[in-house]
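# only geometry, no sequence info:
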């Protein structure tokens, strides 16, 4: 039961830790100029305390589908795939994103800032530090 609670906590924090990359190429398209952050982001590091939890997954990805909708997709090493949708808002002035997702009847909300196309976050869960880092792919 404790592992399931920890797994749910990891997924919820993962979902809440979204923030877009805002690099604009000089050869950019209309999308890259108007909404450059709409992209897919891959988790490159995930830990709870000293334990590497990313090694338990084939992938963990966050996709910003449009200017307000996001999707978290992940696959465990045993091949089980999962997908959860949520929403987000971007403050153009501060480049902060607030993401929100409903899970198990609860609403979770988090505010994150990105720099150089990467974002990370840290939370305390069950007395341990939970850390995740994402990069645009």
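Received, thanks. These figures come from a predicted structure and were not determined experimentally.
# pull the longest strand from the protein.
Counting by DSSP state E, the longest strand found in the chain is strand 81-91.
# so which bits of that strand are buried?
84, 86, 88, 90 (16 or more other C-beta atoms under 10 Å). C-beta here means a position set from N, CA and C on the backbone, and glycine is covered the same way.
# now those as a markdown table including pLDDT?
What follows is the buried residues of strand 81-91, written out as a markdown table (pLDDT from 0 to 100):
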| residue | pLDDT |
| --- | --- |
| 84 | 89 |
| 86 | 91 |
| 88 | 89 |
| 90 | 83 |
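# same list, those residues, but as TSV with distance to residue 132 please.
TSV is the format used below for those (distance: C-beta to C-beta, whole Å):
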residue	distance to residue 132
84	15
86	15
88	16
90	20
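# where along the chain do the helices fall?
Along the chain, counting by DSSP state H, helices occupy 2-16, 30-34.
# so residue 133 makes contact with residue 45?
Yes - because the distance of 4.2 Å satisfies C-beta atoms under 8 Å, residue 133 is recorded as touching residue 45.
# what is the burial count for residue 119?
22 (other C-beta atoms under 10 Å).
# quick check: bridge partners of it?
For residue 119, the beta-bridge partners are residue 134 (DSSP bridges).
# go ahead and confirm it touches residue 113.
Yes - with contact defined as C-beta under 8 Å, residue 119 counts as touching residue 113 (7.3 Å).
# show me the shaky parts of the chain.
1-37, 102-108 (pLDDT under 70).
# how does it look with 80?
Within the chain, the segments meeting pLDDT under 80 span 1-38, 92, 94-95, 101-110, 114-117, 123-126.
# what segments of it are strands?
40-48, 51-52, 57-64, 69-76, 81-91, 96-103, 106-113, 118-125, 128-136.
# could you give the bridge partners of residue 64?
residue 70.
# okay, now it: neighbour count?
24.
# roughly how far does it sit from residue 119?
Here residue 64 is placed at a distance of 12 Å from residue 119 (C-beta to C-beta, to the nearest Å).
# residue 122 and residue 39, how far apart?
The value you get for residue 122 to residue 39, if C-beta to C-beta is used, is 23 Å.
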